[in-house]
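[1] could you look at this predicted model? Sequence included:
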Amino acid sequence: MLPQETYGVHPRRFVALSLTNRCNSRCRHCSSGAEGKRGNELPFGDYVKFIRSAPYPLLTTFDSPDFQAVCTARERSNTPLQSLTLANDAALFELAQGLASRLMREVDGTDSAANRERIRRAFLLCLSRPATEPELELLAAYQERQANAFASGKAESIAPADTPAGFAPNEAASWTSVARALMNTDEFITRE
């Protein structure tokens, strides 16, 4: 664990890092003109000890190898916990919200034709192929059912924070549901 007097109290087992263009190693080739170390920066030695020994929980669910050793091959596994993680992990939910926001920004309109075009775009982004007609019909009906269901409430907590103008919260939330549905398909998760 990190010393409290140096880095303060750390209640979490893992730390989110933000990448910058600034080096904090203060070596000869990059220290010229560099400001001093900020109080909340981890020196590289502490980064190796702490960050690499506590990987993001999602990685361990998917049998990520130990970061301290070389892994030449991994066994394929498929467990119910992996499926539950994909369906419920906060990071993947945020990715679905980001995809929904992108779909709403890239395809104008909220009518049926625009919704179908948005679904076609989602298939190209997620699965790298066009949607078949039955898939298009199925997902369009799902999106409409979700929009109606979210009209009664909870839409604000599901809708992306950066919902484009012109979209009601229930419509935006329904696109998050569509994105989650596509991201949880076997075709999205597995590369054959």
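    Yep, it's here. Numbers count the residues shown, from 1 in each chain.

[2] kindly report the domain assignment for this protein.
    According to automatic domain parsing, the chain comprises the domains 1-54, 89-189.

[3] out of these, which gets the lowest mean score?
    Ranked by mean pLDDT, the domains of the chain bottom out at domain 1-54, which scores a mean of 52.

[4] just give me the neighbour total for Ala113.
    Neighbour count of Ala113, defined by other C-beta atoms under 10 Å: 9. Quick note: C-beta positions are derived from backbone N, CA and C, even for glycine.

[5] then stretch 60-80 to CSV, C-alphas only?
    Provided in CSV are the C-alpha atoms of stretch 60-80 (Å, rounded to 0.1, in the frame of the first residue of the first chain):
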residue,chain,number,x,y,z
THR,A,60,-9.3,-10.2,-13.8
THR,A,61,-12.8,-11.4,-14.6
PHE,A,62,-11.6,-12.1,-18.1
ASP,A,63,-8.6,-14.1,-17.0
SER,A,64,-6.1,-11.3,-17.5
PRO,A,65,-2.6,-12.7,-16.9
ASP,A,66,-0.4,-11.4,-14.0
PHE,A,67,1.2,-8.1,-15.1
GLN,A,68,4.5,-9.0,-13.5
ALA,A,69,5.2,-12.0,-15.7
VAL,A,70,5.2,-12.8,-19.4
CYS,A,71,2.2,-14.7,-20.8
THR,A,72,2.8,-16.5,-24.1
ALA,A,73,-0.6,-18.1,-24.3
ARG,A,74,-3.9,-18.0,-22.5
GLU,A,75,-6.6,-20.6,-22.1
ARG,A,76,-10.0,-19.6,-23.4
SER,A,77,-12.7,-19.4,-20.7
ASN,A,78,-16.4,-18.6,-20.6
THR,A,79,-18.0,-18.1,-17.2
PRO,A,80,-21.3,-16.6,-16.1
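
[6] buried sites along it?
    If you call a residue buried by 16 or more other C-beta atoms under 10 Å, then stretch 60-80 has these buried ones: Thr61.

[7] with stretch 163-173 instead?
    Within stretch 163-173, the residues that qualify as buried are Thr163, Phe167, Pro169, Asn170, Glu171, Ala172, Ala173, counting by 16+ other C-beta under 10 Å.

[8] do I have it right that Pro55 meets Ser64?
    Yes: between Pro55 and Ser64 a contact is recorded at 5.9 Å, counting by C-beta atoms under 8 Å.
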